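In: return a 3D structure for these sequence lines:
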Amino acid sequence: MLAASRPTAPLVLAALMVGLCGCGVVSPPADSGAQGLVLLGPMCPGPQRLDHPCPDRPVSRAFEAFLFPPGFTGVPSPDRGHSVAHFSSGTDGRYRVNLRPGQYAFYSAHSGSPLPCQAYVTVRPHEYTTATVHCDTGMR
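Out: Numbers count the residues shown, from 1 in each chain. Predicted coordinates for the structure are as follows:
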């Protein structure tokens, strides 16, 4: 009797593994998403002057990407979208994240600043959308 049940054990194990692997999050394709630069600014108070440039600087930040339903109208906010990815920009400010086609909002709440960084991006099939994310220092 024990010998008869052995051939079914691998089948049960295989079915269990397929079932467990099939219920996870589907990974996005590697041929679409968003990439770009994250900049912090303004870096100097007052109006910018041609004789004293004060450019925004690249910054490393962690982000969460929220997907919005097709045809979404209104003001995007995290509570209206579905969180689908976490990513970070490097110390040089550059980021790249794989995403399925759709409308996204990127949000970051940096612990050292009450002002969030955010950007709105539309990802098209088989393309990487280039977007600059501006983080506000609050300096005026």
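In: list the contacts of stretch 87-97.
Out: Stretch 87-97 has contacts (CB atoms under 8 Å, 6 or more residues apart in numbering) with 33-39, 57-63, 65, 85, 128, 133. (Glycine included, C-beta is placed from N, CA and C.)
In: secondary structure class for T73?
Out: Using DSSP: H, G, I helix; E, B strand; the rest coil as the criterion, the local structure at T73 reads coil.
In: distance check, it against R57.
Out: Separation of T73 from R57 (CB to CB, to the nearest Å): 34 Å.
In: for stretch 90-99, buried residues please.
Out: Going by neighbour count (16 or more other CB atoms under 10 Å), the buried part of stretch 90-99 is 93, 95, 97-99.
In: show me the contacts of stretch 87-97 that map onto strands.
Out: Filtering the contacts of stretch 87-97 for membership in strands, criterion DSSP state E, returns 33-39, 57-58, 62-63, 65, 85, 128, 133.
In: mark which of the residues you listed are buried, thanks.
Out: When burial is judged by neighbour count using 16+ other CB under 10 Å, the buried members of the ones in strands among the contacts of stretch 87-97 are 33-34, 36-39, 63, 65, 85, 128, 133.
In: columns distance to Q48 on top of these, output as TSV?
Out: Output for those, formatted as TSV (distance: CB to CB, whole Å):
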residue	distance to Q48
G33	32
A34	28
G36	22
L37	19
V38	20
L39	14
F63	27
A65	31
A85	34
Y128	30
V133	20
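In: my read: L39 touches A131, true?
Out: No. Judged on CB atoms under 8 Å, L39 makes no contact with A131 at a distance of 11.3 Å.
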